[in-house]
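# Predicted model, plus sequence, below.
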Amino acid sequence: MAKKEEKSKNEQLQKRLFLDKKSSWSEYSEKQKAEAFAFSDKYKDFMGKSKTERVCVENIVSMLNKNGFKDIAGMKSVKVGDKIYKNVSGKCIIAALVGKDNNRWQLIGSHVDSPRLDLKPIPLYEDAGVALMKTHYYGGIKKYHWVNTPLSLHGVIHTKSGKIVNINIGDNVNDPKFVIPDLLPHLARNQMERKAPNVVEGEDLNILVGSIPVDDKKIKEQIKFTILNYLYEKYGIIEEDFFTAELELVPSTMPIDVGFDRSMIGAYGQDDKICVFTSLMALLDVKNPKHTAVGFFVDKEEIGSVGDTGAASFVLQNFADDYLNLTGLKIIKSALFERSNSISADVTAGLDPNYKDVHDARNAPVLGFGISVEKYGGGGGKYSTHDASAEYMNYVRQILDKNKIAWQTGELGKIDIGGGGTIGMYLSRYGMNCVDAGPAVFGMHSPCEISSKIDVYTSYLFYRAFLQE
Ligand code: MN
Ligand code: MN
């Protein structure tokens, strides 16, 4: 008997001492799991209509407007409780709910762009009885993912005559789609010898767009002619207008449930619209926050946070100027930044059972084990990351524990095997606290990324609790 008691004491001690990694599905009640499923349905709906950064920002704006947020353009002042946003060129949004103690921000940053194929400035040509368009891929993709899969065309064209034409072809069931046909296996002996980055070459990512020639012997490129004529009659555009366009090809498939138990979601662009949606919902649901709750939805992360709508630009500084002017706060911008806390909300790589050798299994986030809070990302030697402080990690842990939110920690892959950046390093350089936190996914940057519904839900819960602080 005594021996048994002793064991039970050690078991108790073990429970206190050991880090307990377990599935969030077994930590949450039936009611909470039902909430996770219902929340995920709203998320899938958002994802299906937010495939590109432009439409994603449009949808964010419409949700902000419905929830009482107002564009700061033309505003003279704001007070505690006001809900505001700034739209930067239709590709980046900063929204804020002014808190009681408004000289500090609680900011969550996520990115609205995802890897895709963009049309080149002179895309259209005909060859071998078909018309095609040339693309230039955007972000880090495995090029062979993008062949033999139905693609939709989204974007905007500014015509020479001054018209703005919005394009959205392929997402509806009856829409035509665009496809890049891969080489048949019968003739692929040489192709199969190539290394994976060259199995499909960048210059071979050409989409099929038509095949009917005009019946006129005097015209040299008869199929190209019918395509340009179709585009002119339907949209009023000429070939030169592709030069003043932004047209993006994204997978046509809509978000799906994955698994017999429907516990997972398959969708294009979950990196990082999973964090866009969950942090946006958190911002809409937060009530009377202590400090000013800020949602920063930023573009261009996938190509290094560059450009005037990327996190490496001054968009956030510019918004801070606006904020200080509108609130009339008597502090300098650097003081605001240095007092503020931020979350770099982005996805991480889940421990993949098919590729376990790329992870340190002891330090890899597991799909379905809750939001993953990661001290650093980057690559071997902690390059290209921000490495959050122990003090800030503990601040975040207290929020997680206080609100009973399922969470885990880890890092992205084994040392020296690769790596990945986030906007975290651009947030932390303002002098504000920052840590990466987001759900783990499988198949990141593929046309069908996989997430867990419970991780989507715990991310939302954490972001909401963080903004409430
Ligand atoms: Mn990302
Ligand atoms: Mn990414």
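Perfect, I can see it now. Keep in mind that what you see is a predicted model, and the values were worked out from it rather than measured. Ligands and ions are numbered 1, 2, ... in the order given.

# Double-check that Ile223 belongs to a helix.
Yes: counting by DSSP: H, G, I helix; E, B strand; the rest coil, Ile223 is located in a helix.

# so it sits right up against Ser211, yeah?
Yes: counting by C-beta atoms under 8 Å, Ser211 is a contact partner of Ile223 at 6.2 Å. Every residue, glycine included, has its C-beta placed from N, CA and C.

# tell me, what's touching these two both at once?
Gly129, Val130, Ala131 (C-beta atoms under 8 Å, 6 or more residues apart in numbering).

# what about the helix or strand the last one falls within, average pLDDT?
Read that as Ala131. Assigned by DSSP states H and E, Ala131 belongs to strand 130-138. Averaging pLDDT along strand 130-138 gives 98.

# sorry, back to before: looking at Ile223 and Ser211, which has the bigger crowd around it?
More crowded of Ile223 and Ser211, by other C-beta atoms under 10 Å: Ile223, with 22 against 14.

# Could you check how far that one is from Pro181?
Distance of Ile223 to Pro181, computed by C-beta to C-beta, to the nearest Å: 16 Å.

# which bits of this protein sit near ligand 1?
Neighbours of ligand 1 within the chain, by C-beta under 5 Å from the ion: Asp271, Asp272, Asp346.

# thinking again about what came up before, top of the shared contacts of Ile223 and Ser211 by number of neighbours, please.
Ala131 (23 neighbours).

# who's in contact with it?
Leu124, Tyr125, Leu208, Val209, Gly210, Ser211, Ile223, Lys224, Thr226, Ile227.

# please redo it, this time with the cut-off set to 6 Å
Ala131 makes contact with Val209, Gly210, Ile223, Lys224, Ile227 under the criterion C-beta atoms under 6 Å, 6 or more residues apart in numbering.

# What's opposite it in the beta bridge?
Glu126, Gly210 (DSSP bridges).

# which one among the contacts of Ala131 gets closest to Asn168?
Val209 (15.8 Å; C-beta to C-beta).

# doesn't Thr135 make contact with the closest one?
No: using C-beta atoms under 6 Å, Val209 is not in contact with Thr135, being 11.2 Å away.

# Neighbour count: these two, which is higher?
Set Val209 next to Thr135 and count neighbours by other C-beta under 10 Å: Thr135 wins out with 25 against 22.

# Grab the nearest non-local neighbour of the more buried one.
Leu117 (4.0 Å; C-beta to C-beta, 6 or more residues apart in numbering).

# one step back: want to throw the residues of the chain next to ligand 1 into JSON lines with distance to Glu201?
Formatted as JSON lines, those follow (distance: C-beta to C-beta, whole Å):
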{"residue": "Asp271", "distance to Glu201": "24"}
{"residue": "Asp272", "distance to Glu201": "28"}
{"residue": "Asp346", "distance to Glu201": "29"}
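
# Where does the stretch 301-450 of the chain get nearest to ligand 1, which residue?
Asp346 (4.1 Å; C-beta to the ion).

# Having no further points to raise, I will conclude here.
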